[in-house]
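In: fold the following for me, if possible:
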Amino acid sequence: MTNTTLPAPDTTTTPSAAPPGARLVRLALPAGLVAAAVGVPSDLYHFTIETRAAASDEFLFAAHGLGLVTAMVLASVALLGLALRAGHVLGRPGRTCVGLAYVGTLLVLGNITTEAFQMRLAPEALDDPTGYSLLVIVVSYGIFAVGWTGVALSLGRHELVSPGVTLLMCLGALYAFTPFPGSYILLLLGIAAAVVSARRGTEARRGEDARIGEVARRSEAAQPTTEKETSAATR
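Out: Numbering: from 1, shown residues only. A predicted model of the protein is given here:
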């Protein structure tokens, strides 16, 4: 009988083999920052026009809509990255809020797309919706506001972001439910602040864990020497 030696399994991992969750966690920071950088100027455009219907034929109106669409897509990426970074710490209520925020963001994304690229086809109807259309918009933004408020409170409760960031996100989510101009600005700034705060918190915890581990290793290394000295002193 011959002995067959099986090769040892390759346990090395390459960056390209990182799981999708890890990639989303890494993407949360740039996604949140770019969402604010693109979305805030785009939403400020609303302060320069009198009515959406009157400006619907302008190039800048379509450009601002494209900017907000991009910002909301990136905000959804940042949301998933924040949720994955938090992991099981959020608990069931927190995960439910993440789901509501994600669904609400997709619904709002649809509303923004309709406004930006179809407003010129029916400006009066879309600028002042009634009936079923109005109900859909109210429900969409309600889910959006409740979801993001819950996410902010969950992150703040578990100290994944600072209290100031939690407050900014809550105010932004609630203001996004209003029909006033610039309704996304505060929330987008809050999301950008949240991904930065969460990243810094993770790095701080890693540094603390490394420091505690180093202290424990030094203590274990010094223990045999101490025992020898004690034994020698008792002889």
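
In: which parts of the helix or strand where R92 lies are buried?
Out: Using DSSP states H and E, R92 sits within helix 91-118. By 16 or more other CB atoms under 10 Å, the buried positions in helix 91-118 come out as 94, 97-98, 100-102, 104-105, 107-109, 111-112, 114-116. Yep, even glycine has a C-beta here, placed from its N, CA and C like the rest.

In: quick one: R120 and L27, what's the gap?
Out: The gap separating R120 from L27 is 34 Å, by CB to CB, to the nearest Å.

In: low pLDDT regions in this protein?
Out: Low-confidence segments of the chain, defined by pLDDT under 70, span residues 1-20, 123, 125-127, 201-235.

In: show me where it has strands.
Out: Taking DSSP state E as the criterion, the chain carries no strands.

In: give me the neighbour count for A31.
Out: Per other CB atoms under 10 Å, the neighbour tally for A31 reads 25.

In: could you pull out the helices for the chain?
Out: Assigned by DSSP state H, the helices in the chain fall at 20-44, 52-55, 59-86, 91-118, 123-127, 131-157, 163-176, 185-234.

In: out of those helices, which is the most enclosed?
Out: Of the helices of the chain, the one with the most neighbours on average (mean count of other CB atoms under 10 Å) is helix 59-86, at a mean of 21.

In: between helix 20-44 and that one, find me the angle.
Out: 150 degrees (axes from the mean of the first three to the mean of the last three CA atoms, to 10 degrees).

In: between helix 59-86 and helix 91-118, how big is the angle?
Out: If you take the same axes, to 10 degrees, helix 59-86 sits at 170 degrees to helix 91-118.

In: show me what helix 59-86 is packed up against.
Out: Applying 3 or more CB pairs under 8 Å, 6 or more residues apart in numbering; DSSP states H and E, one finds that helix 59-86 contacts helix 20-44, helix 91-118, helix 131-157, helix 185-234.

In: out of those, flag the one nearest A54.
Out: helix 91-118 (13.6 Å; CB to CB).
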